[in-house]
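K.L.:
Could you work out the structure for the sequence below:
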Amino acid sequence: MAEEEGQPLAYVSEIVLKKRKIRYELAITRTQLELGKYGAKKSNNQSHVSDIKRPEQFIKEFRDKELDLIRMKQRANRPKSMISKPKSNLLFIIRIQGKNDMHPKTRKILYKLRLRKVFSGVFVKETEGVIDMLQKVEPYVTFGYPNLRSVKELVYKKGYAKIYKKAVPLTDNNIIEQTLGKYGIICIEDIIHKIANVGPHFKEVVHFMGPFMLSKPEDGLIHGKKQSYKEGGDAGNRENEINDLINKMN
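P.N.:
Have a look, this model is predicted:
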């Protein structure tokens, strides 16, 4: 009910009035900040409209991943007679493809090979298990037989140790001796020798070092395709020609 004309207003203390004023000013400030954020978000969203995925894009990615799994199973089921046995005990593998259409099972194998990033490379000993894995992930990697020169250049230029999950440059032989000294490996030359000859404690040596992070070739790869290298693509076994690629990426 409205107050009758002439009736005195209720008394409000000065402290209450000050609090009301402060709350009012804070409300105005908060509104201005919210409007500023909204404007920034709107501007940001406008600049990234192309990043928003449409339903058909999700469907395409799902189908591509399922197709990747089917093809991986087909490669794994090839007769052994169709698989050429490597001519060297030492292999160097380079990951050459990303993960947009990669099935999680494919990614798991690449991670097992320690190839988490594109253009990362690792030395491995040729075994039946390694060949099986390479067969499954063939479109995403290229590999071959590194010579002594390639091993030296990779270790000296790109080599680093993984100690407590941190990358440590191989600039001090004490780091090598502290970790690998019990295997008779005390310097960088010992590391090169063990890798090049796939000698005893090869596994300990390559796991002491992190994957080699290579540079993208200036002239790119051949076609950027997942076809076999022998068929004009980039993937699979390059045999001795891996050394040319290492030289371009080192």
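K.L.:
Can you measure across stretch 153-173, start residue to end residue?
P.N.:
Using C-alpha to C-alpha, to the nearest Å, the end-to-end distance of stretch 153-173 comes out at 17 Å.
K.L.:
cool, and stretch 122-133?
P.N.:
14 Å.
K.L.:
Which of the helices or strands spans Ile15?
P.N.:
Using DSSP states H and E, Ile15 maps to helix 14-47.
K.L.:
which is the next helix or strand following that helix?
P.N.:
helix 55-76.
K.L.:
State the mean pLDDT of the following helix or strand past that next one.
P.N.:
Downstream of helix 55-76, the first helix or strand assigned by DSSP H and E is strand 90-95. Per-residue pLDDT over strand 90-95 has a mean of 97.
K.L.:
need the next SSE after strand 90-95, C-terminal direction.
P.N.:
helix 104-112.
K.L.:
Return the set of buried residues in that next one.
P.N.:
Applying a neighbour-count criterion of 16 or more other C-beta atoms under 10 Å, one finds Thr106, Arg107, Ile109, Leu110 buried in helix 104-112. Where you see a C-beta, it was placed from the backbone N, CA and C, and this is true even at glycine.
K.L.:
before we move on, what about stretch 233-249?
P.N.:
Neighbour counts over stretch 233-249 (16+ other C-beta under 10 Å) mark Gly233, Asp234, Ala235, Gly236, Asn237, Arg238, Glu239, Ile242, Asn243, Leu245, Ile246, Met249 as buried.
K.L.:
With only the CA atoms kept, save that stretch in PDB.
P.N.:
Extracted C-alpha coordinates of stretch 233-249, given in PDB (Å, rounded to 0.1, in the frame of the first residue of the first chain):
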ATOM      1  CA  GLY A 233      55.000 -42.500 -52.000                       C
ATOM      2  CA  ASP A 234      56.800 -41.700 -48.700                       C
ATOM      3  CA  ALA A 235      56.000 -44.500 -46.400                       C
ATOM      4  CA  GLY A 236      57.700 -47.800 -45.600                       C
ATOM      5  CA  ASN A 237      61.200 -49.200 -46.200                       C
ATOM      6  CA  ARG A 238      63.700 -46.900 -48.000                       C
ATOM      7  CA  GLU A 239      66.500 -49.300 -47.200                       C
ATOM      8  CA  ASN A 240      69.800 -47.400 -47.600                       C
ATOM      9  CA  GLU A 241      68.100 -44.300 -49.000                       C
ATOM     10  CA  ILE A 242      67.000 -43.400 -45.500                       C
ATOM     11  CA  ASN A 243      70.400 -41.900 -45.100                       C
ATOM     12  CA  ASP A 244      69.600 -39.200 -47.700                       C
ATOM     13  CA  LEU A 245      66.400 -38.300 -45.800                       C
ATOM     14  CA  ILE A 246      68.300 -38.200 -42.500                       C
ATOM     15  CA  ASN A 247      70.800 -35.800 -44.100                       C
ATOM     16  CA  LYS A 248      68.000 -33.500 -45.200                       C
ATOM     17  CA  MET A 249      66.300 -33.500 -41.800                       C
END
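K.L.:
and that stretch, how far from the chain's centre?
P.N.:
Stretch 233-249 sits 20 Å away from the centroid of its parent chain (C-alpha atoms, centre = their mean, to the nearest Å).
K.L.:
Let me know the average pLDDT across it.
P.N.:
The average pLDDT within stretch 233-249 is 93.
K.L.:
show me the contacts for the residue most central in space within the chain.
P.N.:
Centroid check for the chain by C-alpha atoms, centre = their mean gives Lys117 as the closest residue, at 2.7 Å. The neighbourhood of Lys117, defined by C-beta atoms under 8 Å, 6 or more residues apart in numbering, consists of Arg95, Pro211, Met213.
K.L.:
Most neighbours among these, please name it.
P.N.:
Neighbour tally across the contacts of Lys117 (other C-beta atoms under 10 Å): the maximum, 24 neighbours, falls on Arg95.
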